[in-house]
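Have a look at this prediction, sequence included:
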Amino acid sequence: MFEEDEYIFLADAENNRHWIKVSYGMIRIPSLGTIDGARFKDADDGSGVVIAGKEFTAFRAGTVDLMGSLERGAQIIIPKDAASIILNCDVRCGDTVLEVGAGSGALTTALIRAVAPGGRVHTVEFREEYALRALKNLKRTGLDTYWSHQIGDARTVSVDITADSLIMDMPDPWSALENLSGNLRPGGRVCAYVPNMNQAESTVNRMREMNYFDVRVTELMERELEVHPGGVRPSFKMLGHTGYLIFGRKRR
C-alpha cells in the first residue's frame, strides 16, 4: 500500500503524469484540484483512481520516473548513461559514492537509489546554484537523507571520505584525478562523463599515467521501435551521442 510522504504519480489515458506526495489528509494536485488523500490508504502500485469523473492509474515512482520529474537547469545525465555508470562502477546498496558535479540531481538520484538505505552519495559541486537545485529536487522525493555535498573545486578541494566509486561529470576530469584519487579505496572504480573526444582522450591518458586498470571508453546509442497494427519500424527519433563514458579501476 502507498505510505504517507511517498512520491507517486497519477497517469491518465493520454499518459500525462500528475505528481503527488501521498498524504491521508487533503491533497492539492495542480490542474486537478484538491482531493481526499485517505483513498490512498487502500491503494497500491497500479491501482485505478477516479478524480472528478476522470480515470487515473496510480504508480509508485521508479528511478527513471524520478529522473524525468526533476526541475531542470543544467543538462542532465539521462537514464541510458546513468544505468551504464551504475553497472560498470558496481554501485550497490551500502556503498559510498563520491560524485563531482550535481547538475540538476538526475545522476545523483539514480546513485542514491542504488546505494540506499545503507550507503550515501557525497557530491562536490563548483556552483552553489546547482547544488541548491539538486537539493531541492532530492528533498521533493525524500532522497536527500542519503546525500551530502560541499561547494568547491574538485581539482583542489579536500574531501573527508573514502569512496567505493568516484564519478565525475566535469569538463576536465583528468585535472581532478590526482586530487581525488586518494579518496578512492583500492579496487574502487572511476567513471568520467564528457561530451567531446578530446576530453575523453585527455582523461584516458591521465588514468593510464596513474596506472588505473582496465581503462576504456564507451558511447551508448538508444533507439525505440514504432509498433503499429500491420507494421513495425525503427523510430525516426534516436538518443544518439550524449557523452563518452570513461571507466577504470584503481590499483593498490
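Looks like it arrived, so ask away.

Phi and psi next, for Arg140.
Arg140 adopts backbone torsions of phi -60, psi -30, taken as degrees, to the nearest 10.

That one: what's it in contact with?
Applying Cβ atoms under 8 Å, 6 or more residues apart in numbering, we find Arg140 in contact with 7, 21. All C-beta spots, glycine's among them, are computed from the backbone N, C-alpha and C.

try the one 5 residues further on
Listed by Cβ under 8 Å, 6+ apart, the contact partners of Thr145 are Ala116.

isn't there a helix covering it?
Yes: judged by DSSP: H, G, I helix; E, B strand; the rest coil, Thr145 forms part of a helix.

Just give the closest residue to Pro79, not the sequence neighbours.
Excluding the flanking residues, the one nearest Pro79 by Cβ to Cβ, 6 or more residues apart in numbering is Val64, at 4.8 Å.

cool, Met26 as well?
Thr34 (5.6 Å).

and what of Thr218?
Leu245 (5.0 Å).

pLDDT wise, what is Ile161 at?
In this model, Ile161 is scored at 97, pLDDT.

ok, it touching Asp95?
No: taking Cβ atoms under 8 Å as the definition, Ile161 is not a contact partner of Asp95, at 11.4 Å.

Those two: which has the busier surroundings?
Asp95 (20 against 12; other Cβ atoms under 10 Å).

Helix, strand or coil: sort out the spatially most central residue of the chain for me.
The residue lying closest to the centre of the chain (Cα atoms, centre = their mean) is Leu107, at 2.5 Å. Assigned with three-state DSSP, Leu107 falls in the helix class.

and it, what does it touch?
76-77, 82, 85, 99, 167, 169.

Asn137 touches Glu71, doesn't it?
Yes: the pair Asn137 / Glu71 is scored as a contact, 5.9 Å apart, by Cβ under 8 Å.

This completes my enquiry, with thanks.
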